[in-house]
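Engineer: kindly generate the corresponding structure for this input.
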Amino acid sequence: MFQGLTERLGKTFRNLMGVGKLTESNMTDALKEVRSALLAADVHFKVAREFIEKVKENCIGQEVLKTVSPGDQVIKIIHDELVNLLGGESPPPLTRKPLKVMLVGLHGSGKTTSSAKLAKLLAKTDYRPMLVACDIYRPAAIDQLETLARQEDFLFHGDRQSRDVPAIARAGLRKGLDDAASLVVFDTAGRLQIDTELIDEIKQLRAQVSPDEVFLVADSALGQEAVNVAKTFHEAVELTGIILTKLDGDARGGAALSMKHVTGVPIRFVGTGEKAEDFEAFHPDRMASRILGMGDVVSLVEKAQENLDETEALRMAEKMQKADFNLEDFLKQMQQVKKLGSLDSVMGMLPGMSGVEIGEKEDNQMKRTEAIILSMTFQERRQPKLLNGSRRMRIAKGAGVQIKDVNQLMKNFSQMRKMMKKMQGGKGRRMMEGLMGGMPG
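Structural biologist: Numbers count the residues shown, from 1 in each chain. As a prediction, this is how the structure comes out:
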């Protein structure tokens with residue numbers, strides 16, 4: 001999402017290399033570029049102005065350390081200010097039980113899907129969720145939430161006959177507590193724009209259920225309008241947190257950098273994709289690192305620990321050491337990597353790799369490779385040497401690709417096998433063992 005901002009900031013930092021001291025003169029042009037980059041990313045103009053003033057105050061007059069370039073010092077200063085702008089320290093995790101959470105926001109911001117995603121995330125910490133459908137206006141909103149609840153085996157309450165939203169919420173809360181739910185999420189209605197009717201309804205709803213948390217669900221593409229939306233909802237129902245959705249899109253990211261500063265309310269969670277598991281707690285320091293192209297290794301390791309099978313990984317490492325790696329193993333490795341999310345999101349978490357574009361072409365290549373392997377028989381995957389011309393033609397037809405794609409895959413796989421054999425024994429084996437031994441579980 002922050003690709004444009006990251007690229008422009010990177011260019012600005014490179015221009016500072018070789019400067020012996022940070023002065024008001026050599027910082028003016030650089031900070032002008034930073035301000036321009038923030039505005040281009042849809043950061044609210046008042047927020048951008050205050051941010052630049054704080055950075056300038058911290059930069060001017062600082063002596064450049066012999067081992068650190070001016071650019072690196074500026075990055076450190078800007079990183080620290082970005083962390084402050086995004087909320088400073090990460091907010092503490094939700095632990096109260098039972099926990100009542102009310103989601104508010106404009107129409108189309110992703111409240112319904114965020115209700116299920118939030119419930120799924122908290123269910124991992126021993127919460128028993130109940131989803132309550134309080135949107136009686138949007139067609140199929142109740143059906144959508146019920147379907148999401150059923151998919152995850154969550155408790156659900158909805159009333160397709162009543163038009164009394166506070167009464168629906170009260171009944172849902174009572175039912176949830178009776179059924180031993182430790183988390184009750186209220187999915188409220190939205191509008192295309194804020195109006196008196198919407199504000200009155202969520203005020204009444206808040207008064208009836210007394211939620212422990214009131215989260216504003218905001219589309220990250222909202223831009224500078226995000227400030228007005230956040231302020232209005234905060235004044236109406238006293239927000240306790242913000243959920244930013246669609247961070248995997250091409251939004252410029254200004255909402256994330258503006259809302260916390262204006263409302264004083266922390267960003268608690270972010271939606272990073274369409275799947276139920278594409279939802280995570282927000283950490284200001286990690287987001288600041290991503291924006292500045294430093295990656296986010298901590299989040300990547302957490303994703304790996306949560307999604308990857310350690311036993312399977314160790315088994316694969318052993319097979320690679322012995323050069324006993326077939327297409328069945330290759331398929332399993334690909335499917336494990338897919339659990340981490342899109343290739344683009346994974347690359348964005350690696351330091352220095354945020355500028356590397358992994359787009360639709362690369363994702364399609366991965367899907368094509370998977371389709372080719374799935375079109376093989378189990379025996380062919382275990383013994384690739386069986387793949388003669390007629391078998392390759394059959395596989396190509398089954399995968400919907402050309403035979404040259406099958407041949408290219410087999411060529412690449414053959415080269416990989418040769419490299420593994422070279423790594424066998426002696427120095428190669430010790431190097432492989434050292435590599436695998438130094439990797440986190």
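Engineer: mind showing which ranges of the stretch 301-441 of the chain have poor pLDDT?
Structural biologist: Counting by pLDDT under 70, the stretch 301-441 of the chain contains low-confidence residues at 301-324, 339-362, 422-441.
Engineer: ok, 90 please
Structural biologist: Scanning the stretch 301-441 of the chain for pLDDT under 90 picks out 301-370, 378, 381-385, 409, 411-441.
Engineer: what are the ranges of the helices in it?
Structural biologist: Taking DSSP state H, counting those that start in this stretch as the test, the helices found in the stretch 301-441 of the chain are 310-321, 327-338, 343-348, 360-374, 378-382, 389-399, 403-422, 426-437.
Engineer: pull out the buried positions in the fifth one.
Structural biologist: Within helix 378-382, the residues that count as buried by 16 or more other CB atoms under 10 Å are 380-381. All C-beta atoms are positioned from the backbone trio N, CA, C, and that covers glycine.
Engineer: what about the helices in the stretch 151-300 of the chain?
Structural biologist: Along the stretch 151-300 of the chain, counting by DSSP H, counting those that start in this stretch, helices occupy 165-178, 196-209, 225-237, 254-263, 284-291, 297-307.
Engineer: switch the ones you listed over to CSV; also include distance to Thr245.
Structural biologist: What follows is the helices of the stretch 151-300 of the chain, written out as CSV (distance: least, CB to CB, whole Å):
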stretch, distance to Thr245
helix 165-178, 22
helix 196-209, 18
helix 225-237, 12
helix 254-263, 10
helix 284-291, 15
helix 297-307, 18
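Engineer: just the endpoints, please. Distance across stretch 211-227?
Structural biologist: For stretch 211-227, the first-to-last residue distance is 23 Å (CA to CA, to the nearest Å).
Engineer: now do the buried residues in stretch 89-96.
Structural biologist: So, applying 16+ other CB under 10 Å, buried residues of stretch 89-96: 90-91, 94.
Engineer: nope, stretch 129-145 is what I was after
Structural biologist: Across stretch 129-145, burial judged by 16+ other CB under 10 Å covers 129-136, 141-142, 144-145.
Engineer: any idea which of the helices of the stretch 151-300 of the chain scores lowest on pLDDT?
Structural biologist: If you rank the helices of the stretch 151-300 of the chain by mean pLDDT, helix 297-307 sits at the bottom with a mean of 55.
Engineer: related to what we said a few turns ago, most tightly packed of the helices of the stretch 151-300 of the chain?
Structural biologist: Ranked by mean neighbour count, these are led by helix 254-263 with a mean of 25 (mean count of other CB atoms under 10 Å).
Engineer: which elements pack onto it?
Structural biologist: Judged by 3 or more CB pairs under 8 Å, 6 or more residues apart in numbering; DSSP states H and E, helix 254-263 is in contact with helix 45-59, helix 70-85, strand 213-219, helix 225-237, strand 241-245, strand 267-271.
Engineer: could you rerun that using 6 Å?
Structural biologist: Helix 254-263 sits against helix 225-237, with contacts defined as 3 or more CB pairs under 6 Å, 6 or more residues apart in numbering; DSSP states H and E.
Engineer: can you tell me the centre-most residue of the protein?
Structural biologist: By CA atoms, centre = their mean, the mean C-alpha position of the chain lies nearest to Thr272, the distance being 3.3 Å.
Engineer: okay, that one: pLDDT?
Structural biologist: pLDDT, read off for Thr272, is 80.
Engineer: what's the answer for the one 3 residues further on, then?
Structural biologist: The model reports Lys275 with a pLDDT of 81.
Engineer: any idea how far it lies from Ala116?
Structural biologist: Distance from Lys275 to Ala116, counting by CB to CB, to the nearest Å: 11 Å.
Engineer: so those two - more neighbours on which side?
Structural biologist: With neighbours defined as other CB atoms under 10 Å, Lys275 and Ala116 compare such that Ala116 has more, 23 against 12.
Engineer: between strand 241-245 and the helix or strand where that one lies, find me the angle.
Structural biologist: Using DSSP states H and E, Ala116 sits in helix 111-123. With axes from the mean of the first three to the mean of the last three CA atoms, to 10 degrees applied, the angle from helix 111-123 to strand 241-245 works out at 110 degrees.
Engineer: quick one: helix 111-123 to strand 267-271, angle?
Structural biologist: Relative orientation of helix 111-123 versus strand 267-271 (the same axes, to 10 degrees): 110 degrees.
Engineer: can you give the contact residues for helix 111-123?
Structural biologist: Helix 111-123 is touched from outside by 103, 105, 129, 131, 144-145, 148, 152, 154, 183, 185, 187, 217, 243, 276, 279, with contacts defined as CB atoms under 6 Å, 6 or more residues apart in numbering.
Engineer: quick one: which of those sit in strands?
Structural biologist: Under the assignment DSSP state E, the contacts of helix 111-123 contribute 103, 129, 131, 183, 185, 187, 217, 243, 279 to strands.
Engineer: test my guess that the last one contacts Gly271.
Structural biologist: Yes - with contacts defined as CB atoms under 6 Å, Phe279 counts as touching Gly271 at a distance of 5.4 Å.
Engineer: looking at those two, which one has more neighbours?
Structural biologist: Neighbours per residue, other CB under 10 Å: of Phe279 and Gly271, the larger number sits with Gly271, 25 against 21.
Engineer: wait, the more buried one sits on Glu280?
Structural biologist: No - using CB under 6 Å, Gly271 is not in contact with Glu280; the gap is 8.5 Å.
Engineer: same list (the ones in strands among the contacts of helix 111-123) but as CSV, adding pLDDT.
Structural biologist: As requested, those are arranged in CSV below (pLDDT from 0 to 100):
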residue, pLDDT
Leu103, 96
Pro129, 96
Leu131, 97
Leu183, 96
Val185, 97
Asp187, 96
Val217, 92
Ile243, 93
Phe279, 90
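Engineer: on that earlier part again, got the buried residues of stretch 89-96 as CSV, with distance to Gly389 and secondary structure columns?
Structural biologist: Formatted as CSV, those follow (distance: CB to CB, whole Å; DSSP: H, G, I helix; E, B strand; the rest coil):
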residue, distance to Gly389, secondary structure
Ser90, 57, coil
Pro91, 60, coil
Leu94, 59, coil
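Engineer: what is the nearest of those residues to Ala396?
Structural biologist: Using CB to CB, Ser90 comes nearest to Ala396 of these, at 49.5 Å.
Engineer: local confidence estimate at that closest one?
Structural biologist: We have a pLDDT of 81 for Ser90.
Engineer: could you do the one 4 residues further on as well?
Structural biologist: At Leu94, the pLDDT value in this model is 90.
Engineer: still on that earlier bit, let me have the ones in strands among the contacts of helix 111-123 in TSV, adding distance to Met419 as columns.
Structural biologist: Shown next, in TSV, are the ones in strands among the contacts of helix 111-123 (distance: CB to CB, whole Å):
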residue	distance to Met419
Leu103	50
Pro129	47
Leu131	50
Leu183	49
Val185	50
Asp187	52
Val217	48
Ile243	45
Phe279	38
